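Asks: below: sequence and its predicted model.
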Amino acid sequence: MFRRRRHAEEEETAPAAGNAPVPVRESGPWDADESHPESERVDLGGMLLPIGSGFEVQLNVAGEQIVGAVVLFNESALQVHAFAAPKRSGIWDEVRAELARELTAGGGACEEQEGPFGRELAAEIKQDGAMQPVRFIGVDGPRWFLRGVISGRAVADPEAAKVLEDVIRDIVVVRGDQPMAPKEPIELRLPAEARQAVEQQADEEGRPGLDPFERGPEITELR
């Protein structure tokens, strides 16, 4: 859905025509270099993800890279991905328009609505032969963009939605200083304790080194 662009350094530093500057945020998600409240979070490298009782976390992979995470809770799901963004402008307006075109072209439907993080997309997508409602949420940060997708019970249940919205509010994005093209995924990594557990299990079962990307690593009820 996101295309890589060439000349990462030039595109990152050049302001996009017609894009407004990234507004000052009064709440999270947070940037790693700014002051943010202490909370229990799992370190995924490019993202510090809030955790809570009853949460199950799965990691999304693209090739051999971990590029996103899914929080499962109470018949609901929140998928989050972080991307690089230009230094002087946000990209959610552009991404939202792209999503709307692609969703419509794929047989789905969507409309813009006002949400707790600003403009978002309320959509219906084809999944397993049926139309499923989802919410696309976007937040522009300093040199990064965070996209959240809420599905399941939380789409229609405000109480369930608030739990996942609070997860978004408490995420810390670790962008790093390396040059990246706009819309390039910020790579995540398996937490050290989870990797150790995977390797220990492989040793106990007499298997060679386990590829953590084979099935999509899962972390249940992180405390």
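Replies: Thanks, I have it.

Asks: tell me which stretches of this structure form helices.
Replies: All helices of the chain, identified by DSSP state H, fall at 8-13, 92-105, 158-169, 192-204.

Asks: hmm, residue 137 and residue 151 touching each other?
Replies: No - the pair residue 151 / residue 137 is not scored as a contact, 11.6 Å apart, by C-beta atoms under 8 Å. Just so you know, the C-beta spots here come from the backbone N, C-alpha and C atoms, and that holds for glycine as well.

Asks: these two - which one has more neighbours?
Replies: residue 137 (23 against 19; other C-beta atoms under 10 Å).

Asks: show me what contacts the more buried one?
Replies: Listed by C-beta atoms under 8 Å, 6 or more residues apart in numbering, the contact set of residue 137 reads 115, 117, 120, 147-150, 168.

Asks: report pLDDT for it.
Replies: pLDDT recorded at residue 137 is 98.

Asks: before we move on, what about residue 222?
Replies: 33.

Asks: check residue 126 too.
Replies: In this model, residue 126 carries a pLDDT of 85.

Asks: now the residue nearest to it when sequence neighbours are not counted: how far from residue 29?
Replies: Leaving aside its sequence neighbours, residue 126 sits nearest to residue 107 (C-beta to C-beta, 6 or more residues apart in numbering; 5.4 Å). As defined by C-beta to C-beta, to the nearest Å, residue 107 lies at a distance of 31 Å from residue 29.

Asks: do the same with residue 110
Replies: 23 Å.

Asks: higher neighbour count, these two?
Replies: Each of residue 110 and residue 29 has its neighbours counted (other C-beta under 10 Å); residue 29 has more, 24 against 21.

Asks: what's near enough to touch residue 78?
Replies: Contacts of residue 78 (C-beta under 8 Å, 6+ apart): 70-71, 148-150, 154, 164, 167-168.
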